[in-house]
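In: Just need the structure, nothing else, for what follows:
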Amino acid sequence: MVARASLHAGKGGKSLNKAVFHSIVSAVLLGLAGPALAQAGHDMGSHDVSGHDMQAPSTGKPLSEAQTAEGATKAAEPGHGDHADHASHDDNTVPKVPTLLTGYGNGGFTISTTVPAAQAFFSNGLELGAAFAHKAAIAAMAEAVRLDPGCAMCLWGKALVSGPTINYGSDAKERAPLLVMVRKAKALAAKNGTARERDLIDALILRYLPGKNVHARDVAYAAAMRHVAARYPADNEIAVLTADALMVSSFVEDAEDFDHGAIDAAITLLEQVLKRAPEHTPAIHFYIHATEVSGEPAKAERYADKLADLAPNASHLVHMPSHTFFWVGRYQDAADTNWRAVEIGKANARRLGLPEPKGVWDLPYHAHNVIFGLGGAMMAGDARTALNLARPLVERSAEREKAEPFSQMLAAAGYFAMARFDDPEAVLALAEPKLPYLKAARHYARGEAMVWLRDLAGAKAELAAIPAQVAEGKVDRDHRAPEQMLGITRGVLEGRIAMAEGRYKDAVTAFTAAADIEETKDFMQFSDPPAFWYPVRRDVAAALLASGDTAGARTAAEESLRLRPRDAVAEDVLRRAEGMAVRVH
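Out: Next up, the predicted model:
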């Protein structure tokens, strides 16, 4: 399978190209990436260098077994390449005995079958598929086929849920057996299927026809589904299937942008469904994704608020509201809903008999839940949750001998979280990792701890130890963002030291250099959530304020808030800048 483009675009409506996102999906299995609260002076103790109250460091709540170093072992072994099996990227909740799984939302529709159990497994398969419980969805559809071998739509359903999704594509070889399956469904439907069923089958055949250009096949399927949706304008399930098809077709390998028209059409269909059925979980799921990629996350907020309770056993759907919450500035809610998803993942691992404590990491969407939980927790200042997620990652990643550059970059967030929240002495006691980008992240974390301890000579030594470049020779695509991360951490630590020494103009220069790198198009593609812990532009604002440039501080703080709405640190800098401006006048 081929990983697809990111479904976060940010306010500018720009997405990743598919190749970049594939690297992120692979790296997700190692790193927990996210921004965090960080003041320009330092942000780990009771005061920063200017004397402003700050949050005290926390050692965090006790780690559960699934979050130990062994639990991170699997998370530190990402797949890489263009043939990762999309069915492995799910909740992995496949019962040993065919079972109808409840709590995964709603969906499904009546089909032509005389076997009630086949109907039940078919509908459950559609529910599971829309919840991204891919393996379980395929298993449910297989059971429906077993129960009624003459059921055309059961075969259609199995072919549908075995195909590409908005996260993972499929190549021509993988589609070949699905074409055989759906053609058999067509033959069966010719005998006893309804016109609606035949229309759905005919459309799906177009997705799986032979040819190396699978994107063209996805576009053809989406176009056919738009015709089917027009034929049945009040049919919620067809509208959602069509929206899904449009979203899948909207991304092209190595393209610089997505098909805005396809995303807009998907949003229109989903809004029609939600107007008729505001608790339709597949529609909510895809609407959160579509509005995120279109740069309009707030449109989905009222639906995001209800999704977790509508699908309480689906860890991915419990997680999904965070894609809205994070980008509207509800960082604590993003942390909380992901913590809930993480707990569901651990329960799933126990139920499946996966070995503890590492078994939960065999559920790859679990890593994505952890990533978003960490991102939300750090922006919210939730030290306990952030450290609970970060410590096992740091411990295990230090032992890794091989990992892709992107994977190392995302795993570095564990070091960022410890620098942000943990006891400085604990940070200084961290073992040196074996991988180069992680070594750099450790030097950064140690530098932050030394600034906090006012060991500025030590901090400068750690700054000098962060390499200017790790990649040998010309920096290729796989190394570009990890190399940019080096520049960001060097700039931030240099600025932190300058703030501690009262060299505020030097701090402005250093933070600006880091912020400019962070805000490049290449680096901002890492937005699921952002790869660096917080918007460095707010450090620029704090340094400008310390230097006496209140107007510049206000401008920088406002720019930072455009990057991360409702960020408490940037809001505080803005309030102080505005207060000083009033006093000056």
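In: I'd like the next helix or strand past the helix or strand harbouring residue 511.
Out: According to DSSP states H and E, residue 511 maps onto helix 504-518. Downstream of helix 504-518, the first helix or strand assigned by DSSP H and E is helix 521-524.
In: Which other helices and strands does the next helix or strand after that next one contact?
Out: Sequence order places helix 537-547 as the next helix or strand after helix 521-524, per DSSP H and E. In terms of contacts (3 or more CB pairs under 8 Å, 6 or more residues apart in numbering; DSSP states H and E), helix 537-547 is packed against helix 477-500, helix 504-518, helix 550-563, helix 568-584. (Glycine included, C-beta is placed from N, CA and C.)
In: Go again with 6 Å.
Out: Helix 537-547 sits against helix 504-518, helix 550-563, helix 568-584, with contacts defined as 3 or more CB pairs under 6 Å, 6 or more residues apart in numbering; DSSP states H and E.
In: Please list all residues in contact with the closest residue to residue 548 other than its chain neighbours.
Out: Leaving aside its sequence neighbours, residue 548 sits nearest to residue 504 (CB to CB, 6 or more residues apart in numbering; 8.0 Å). Residue 504 sits next to 543, 546, 547 when contact means CB atoms under 6 Å, 6 or more residues apart in numbering.
In: Would you check how far apart the second one and residue 576 are?
Out: The spacing between residue 546 and residue 576, counted by CB to CB, to the nearest Å, is 10 Å.
In: Next: the first one.
Out: When distance is defined by CB to CB, residue 543 is 13 Å away from residue 576.
In: Of the two, give the one with the bigger neighbour count.
Out: residue 543 (30 against 19; other CB atoms under 10 Å).
In: show me the contacts for that one.
Out: 40, 504, 507, 508, 511 are the contacts of residue 543 under CB under 6 Å, 6+ apart.
In: for residue 273, same thing?
Out: Residue 273 sits in contact with 236, 239, 240, 280, 283, where contact means CB under 6 Å, 6+ apart.
In: mind listing the strands for the stretch 151-300 of the chain?
Out: 168-169 (DSSP state E, counting those that start in this stretch).
In: any chance you could map the helices in it?
Out: With DSSP state H, counting those that start in this stretch applied, the stretch 151-300 of the chain shows helices at 152-161, 172-192, 195-208, 214-231, 236-249, 260-276, 281-293, listed in chain order.
In: which outside residues touch the longest one?
Out: I take that to be helix 172-192. Here helix 172-192 has contacts from 112, 152, 155-156, 159, 162-163, 197-198, 201, 204-205, 208, 212, 214, using CB under 6 Å, 6+ apart.
In: can we see that at 7 Å?
Out: By CB atoms under 7 Å, 6 or more residues apart in numbering, the surrounding residues in contact with helix 172-192 are 1, 112, 150, 152, 155-156, 158-159, 162-163, 197-198, 201, 204-205, 208-212, 214.
In: CA atoms only for it - export them in CSV, please.
Out: The C-alpha trace of helix 172-192 is given here as CSV (Å, rounded to 0.1, in the frame of the first residue of the first chain):
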residue,chain,number,x,y,z
ALA,A,172,-2.1,-2.1,-9.4
LYS,A,173,-0.9,-5.5,-8.2
GLU,A,174,-2.9,-5.2,-4.9
ARG,A,175,-6.0,-4.1,-6.8
ALA,A,176,-6.0,-7.1,-9.2
PRO,A,177,-7.7,-9.6,-6.8
LEU,A,178,-10.2,-7.0,-5.8
LEU,A,179,-11.2,-6.6,-9.4
VAL,A,180,-11.9,-10.3,-9.6
MET,A,181,-14.0,-10.0,-6.5
VAL,A,182,-16.1,-7.1,-7.6
ARG,A,183,-16.7,-8.6,-11.1
LYS,A,184,-18.0,-11.7,-9.4
ALA,A,185,-20.3,-9.4,-7.4
LYS,A,186,-21.5,-7.9,-10.7
ALA,A,187,-22.4,-11.3,-12.0
LEU,A,188,-24.3,-12.2,-8.9
ALA,A,189,-26.1,-8.8,-8.8
ALA,A,190,-27.3,-9.3,-12.4
LYS,A,191,-29.4,-12.1,-11.1
ASN,A,192,-30.8,-10.8,-7.8
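In: Only the buried residues of it, if you could.
Out: 174, 175, 178, 179, 181, 182, 183, 184, 185, 186, 188, 189 (16 or more other CB atoms under 10 Å).
In: in the chain, which segments are predicted with low confidence?
Out: Residues of the chain meeting the criterion pLDDT under 70: 1-93, 357, 581-585.
In: if you set the cut-off to 50 instead, what comes out?
Out: Within the chain, the stretches with pLDDT under 50 are 1-89, 582-585.
In: Name all residues that make contact with residue 339.
Out: 373, 385.
In: ah, wrong one, I meant residue 561
Out: 567, 570, 571.
In: Which secondary structure state is assigned to residue 332?
Out: What DSSP: H, G, I helix; E, B strand; the rest coil gives for residue 332 is helix.
In: Please name the nearest non-neighbouring residue to it.
Out: residue 380 is the one closest to residue 332 (CB to CB, 6+ apart), at 4.0 Å.
In: do the same with residue 322
Out: residue 334 is the one closest to residue 322 (CB to CB, 6+ apart), at 3.9 Å.
In: ok, that neighbour touching residue 326?
Out: Yes. Counting by CB atoms under 7 Å, residue 334 does reach residue 326; the two are 4.4 Å apart.
In: anything in contact with each of these two?
Out: 372, 375, 376.
In: I'd like those residues laid out as a markdown table, including neighbour count and secondary structure.
Out: Formatted as a markdown table, the shared contacts of residue 334 and residue 326 follow (neighbours: other CB atoms under 10 Å; DSSP: H, G, I helix; E, B strand; the rest coil):
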| residue | neighbour count | secondary structure |
| --- | --- | --- |
| 372 | 28 | helix |
| 375 | 32 | helix |
| 376 | 28 | helix |
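In: of those residues, closest to residue 269?
Out: For these, the closest approach to residue 269 (CB to CB) belongs to residue 372, at 26.2 Å.
In: is it true that that closest one touches residue 338?
Out: Yes. Using CB under 7 Å, residue 372 is in contact with residue 338, at 4.6 Å.
In: who touches both of the two?
Out: 319, 322.
In: can you pick the most crowded of the contacts of residue 543?
Out: The contacts of residue 543, ranked by neighbours (other CB under 10 Å): first place residue 40, 31 neighbours.
In: all helices for the stretch 301-450 of the chain, in order.
Out: Under DSSP H, counting those that start in this stretch, the stretch 301-450 of the chain gives helices at 301-310, 315-319, 321-325, 331-351, 364-380, 383-397, 405-421, 424-428, 436-452.
In: Skip the chain neighbours and tell me the closest residue to residue 369.
Out: Nearest to residue 369 is residue 341, by CB to CB, 6+ apart, at 4.1 Å.
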